[in-house]
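S.K.: Next input, structure requested:
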Amino acid sequence: MRLLLSSITPLLTLFSFAQAPQRMSFQAVLRDDADALIVNGPVGLRISVLQGSVNGAAVFVETHSAVTNSNGLVSLEIGGGTVQSGSIAAVDWANGPFFLKTETDPNGGTSYSISGTTQLLSVPYALHAANNMQGPAGPQGAQGPEGPPGVGACQVIRTGDGRVVVYNESNAYGFGRNLTSGSGWYTRSLDGPVVAALASDSAVVLYTATSAYGFGPNNTSGSNWYGQSLSGSVIGAAHASGRIVVYTGTNAYGFGYNSTSGSNWYTATLSGAPIGHVEAGNRIVVYTTASAHGFGYNGTSGSNWYAQSYAAEPIGTIGTR
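M.R.: Numbering: from 1, shown residues only. Okay, here's the model as predicted:
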């Protein structure tokens, strides 16, 4: 059995937060060794927040009993389970980094046979800010104008380069440049529900639990879809000018300019456990415990991956604006 963590917010972070005391929304897709979904079954989970590194001390631990749905998806709120140690409200999010360790018993008990760890990036600091507000609340201001209505069953995402994608659970419809008619629609069938979507200034990427789909420039038709199978669940994603990256625990997949076709997918095999990513201009770096992998411009192919190993795990990153 194996656990596939799924991103759940439009910006591809792993968590969203409610009003204080905050809880973290969490979703995961369970598959067996034959890559078949574990559907409509009880699962037991132990969730640990680790401080400092992937092997750091657990500052909060809780357990959950849940049931997967017909898509193999399990949903829960971290902070709403049975506490084993620590307190989610007492975690000092400013004193990171922090990592989330998940242990799962696919039979619904406490014999945890599936384990995975991923870094919590920027979102938990919203919780830190909420927990550190001082003094009483100020007077309430005047009510602002009503916002636009929310998006319904069909989701829409658009780029700055004139491409729009509308998608539902089974298909994605891209509207963009067409070299014959000027503009046109391009349809792509999906192999499952979209987990998340993101856009650069010229392309859109959607991904499901098993595949990623890029909609971008094409030298023959003007625009087109490009599919990419994934080695596991996406644990992080990033977008830069003209380039988009999604990565799993073993591989990073870059979608960007290709001098022959217009757009294409480029795959990098990761060494070490992924820690996070950083974007700068039109370049993206995914870094692990053992190496950094940069996705950027290549004078021959248009885009490519460049790997750099290091002797010690990084303690920080920075990129130009």
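
S.K.: Low-confidence bits of the stretch 151-300 of the chain, can you list those?
M.R.: Along the stretch 151-300 of the chain, the parts satisfying pLDDT under 70 run over 151-161.

S.K.: One more pass at 90, please.
M.R.: Along the stretch 151-300 of the chain, the model assigns pLDDT under 90 to residues 151-162, 169, 195-196, 200-201, 233, 235-236, 241-242, 275-276, 281.

S.K.: is it true that Leu198 touches Ile244?
M.R.: Yes - with contact defined as Cβ atoms under 8 Å, Leu198 reaches Ile244; the gap is 6.2 Å. The way it works is simple: take the backbone N, C-alpha and C, and place the C-beta from them, glycine included.

S.K.: Mutual contacts of the two, please.
M.R.: Contact criterion Cβ atoms under 8 Å, 6 or more residues apart in numbering; residues shared by Leu198 and Ile244: 205, 237.

S.K.: Of these two, which one has the most company?
M.R.: Ile244 (27 against 20; other Cβ atoms under 10 Å).

S.K.: mind listing the helices for the stretch 101-250 of the chain?
M.R.: 124-131 (DSSP state H, counting those that start in this stretch).

S.K.: What segments of it are strands?
M.R.: Along the stretch 101-250 of the chain, counting by DSSP state E, counting those that start in this stretch, strands occupy 114-120, 155-158, 164-167, 171-178, 182-189, 196-199, 204-207, 211-218, 222-229, 236-240, 243-247.

S.K.: Which of the ones you listed sits closest to Phe99?
M.R.: strand 114-120 (5.2 Å; Cβ to Cβ).

S.K.: tell me which residues of that closest one are tucked away?
M.R.: 114, 116-120 (16 or more other Cβ atoms under 10 Å).

S.K.: What of stretch 189-197?
M.R.: Applying 16+ other Cβ under 10 Å to stretch 189-197 flags 190, 192, 194-197 as buried.

S.K.: now that stretch, how far from the centre of its chain.
M.R.: 13 Å (Cα atoms, centre = their mean, to the nearest Å).

S.K.: Could you work out the end-to-end span of that stretch for me?
M.R.: 15 Å (Cα to Cα, to the nearest Å).

S.K.: now for the buried residues of stretch 189-197, which pair is the farthest apart?
M.R.: Gly192 and Ala197 (13.7 Å).

S.K.: Let me have the strands of the stretch 101-250 of the chain in CSV, adding distance to Ser261 as columns.
M.R.: Converted to CSV, the strands of the stretch 101-250 of the chain look like this (distance: least, Cβ to Cβ, whole Å):
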stretch, distance to Ser261
strand 114-120, 33
strand 155-158, 22
strand 164-167, 19
strand 171-178, 15
strand 182-189, 14
strand 196-199, 20
strand 204-207, 16
strand 211-218, 7
strand 222-229, 8
strand 236-240, 20
strand 243-247, 15
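
S.K.: Break the protein down into its domains, please.
M.R.: With domains defined by automatic domain parsing, the chain comprises 2-131, 155-309.

S.K.: got a markdown table for those, with distance to Gly316 too?
M.R.: Below are the domains of the chain laid out as a markdown table (distance: least, Cβ to Cβ, whole Å):
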| stretch | distance to Gly316 |
| --- | --- |
| domain 2-131 | 10 |
| domain 155-309 | 10 |
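
S.K.: Out of those domains, which is closest to Ile315?
M.R.: domain 2-131 (9.1 Å).

S.K.: so Asp76, which of the three states?
M.R.: You called it Asp, but residue 76 is Leu. With DSSP: H, G, I helix; E, B strand; the rest coil as the basis, the three-state label of Leu76 is strand.

S.K.: Now do the contacts for it.
M.R.: With Cβ under 8 Å, 6+ apart as the criterion, the residues that contact Leu76 are 26, 45, 64, 66.

S.K.: Check the gap between the first one and Leu37 for me.
M.R.: According to Cβ to Cβ, to the nearest Å, Phe26 and Leu37 sit 18 Å apart.

S.K.: What of Gln84?
M.R.: 28 Å.

S.K.: Also Tyr297?
M.R.: 39 Å.

S.K.: Name the residue in these two with the higher neighbour count.
M.R.: Using other Cβ under 10 Å, the more surrounded residue of Tyr297 and Leu37 is Leu37, with 20 against 15.

S.K.: Not counting its neighbours along the chain, what's nearest the more buried one?
M.R.: Nearest residue to Leu37, sequence neighbours excluded (Cβ to Cβ, 6 or more residues apart in numbering): Gly72, at 3.2 Å.

S.K.: Save the contacts of Leu76 as TSV, and put in neighbour count, secondary structure and pLDDT too.
M.R.: Output for those, formatted as TSV (neighbours: other Cβ atoms under 10 Å; DSSP: H, G, I helix; E, B strand; the rest coil; pLDDT from 0 to 100):
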residue	neighbour count	secondary structure	pLDDT
Phe26	25	strand	76
Leu45	24	strand	89
His64	19	strand	91
Ala66	18	strand	86
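
S.K.: Perfect, I'm done here.
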